[in-house]
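S.K.: Only the shape, not the letters, is given here:
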């Protein structure tokens with residue numbers, strides 16, 4: 001498993017392109033929600049999130065150096081399907 005690196009002081013944008021491997025041409029995103037696991041004091045937090053017809057985006061800040069966080073994106077499509085994808089981030093002072 002590979003990890004994306006993030007500095008504890010950085011605010012970083014991440015995205016999941018759902019069209020690439022999940023959505024067909026007739027379906028679009030109708031909702032998107034992001035969560036950070038684990039949730040801990042001083043840990044990484046979702047600052048903002050948004051989505052387009054095919055991509056879910058999140059802005060993440062904070063985190064404790066040496067800790068790993070899973071950014072979990074749960075979506076709902078216009079046709080009523082639901083699914084989840086995760087991005088793993090390791091926080092390191094850079």
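M.R.: Arrived safely, thanks for sending. Note that the coordinates shown come from a computational prediction; the quantities given were computed from them, not determined experimentally.
S.K.: Look up the pLDDT of the residue nearest to the spatial centre of the chain for me, please.
M.R.: With distances taken as Cα atoms, centre = their mean, residue 71 lies nearest the centre of the chain, 4.3 Å away. With respect to pLDDT, residue 71 has a value of 97.
S.K.: With residue 26 instead?
M.R.: Listed pLDDT for residue 26 reads 93.
S.K.: In contact with it, which residues are there?
M.R.: Contact analysis of residue 26 by Cβ atoms under 8 Å, 6 or more residues apart in numbering lists residue 79. Where C-beta positions appear, they are placed from N, C-alpha and C, glycine not excepted.
S.K.: which SS class is it?
M.R.: When classified by DSSP: H, G, I helix; E, B strand; the rest coil, residue 26 comes out as coil.
S.K.: Would you mind measuring from it to residue 16?
M.R.: Taking Cβ to Cβ, to the nearest Å as the measure, residue 26 falls 19 Å from residue 16.
S.K.: what bridges to the residue nearest to the centre of the chain?
M.R.: Residue 71 has these beta-bridge partners by DSSP bridges: residue 36, residue 87.
S.K.: Next, count neighbours for the spatially closest residue to residue 22 that is not a sequence neighbour.
M.R.: Nearest residue to residue 22, sequence neighbours excluded (Cβ to Cβ, 6 or more residues apart in numbering): residue 83, at 6.3 Å. Neighbour count for residue 83, taken as other Cβ atoms under 10 Å: 12.
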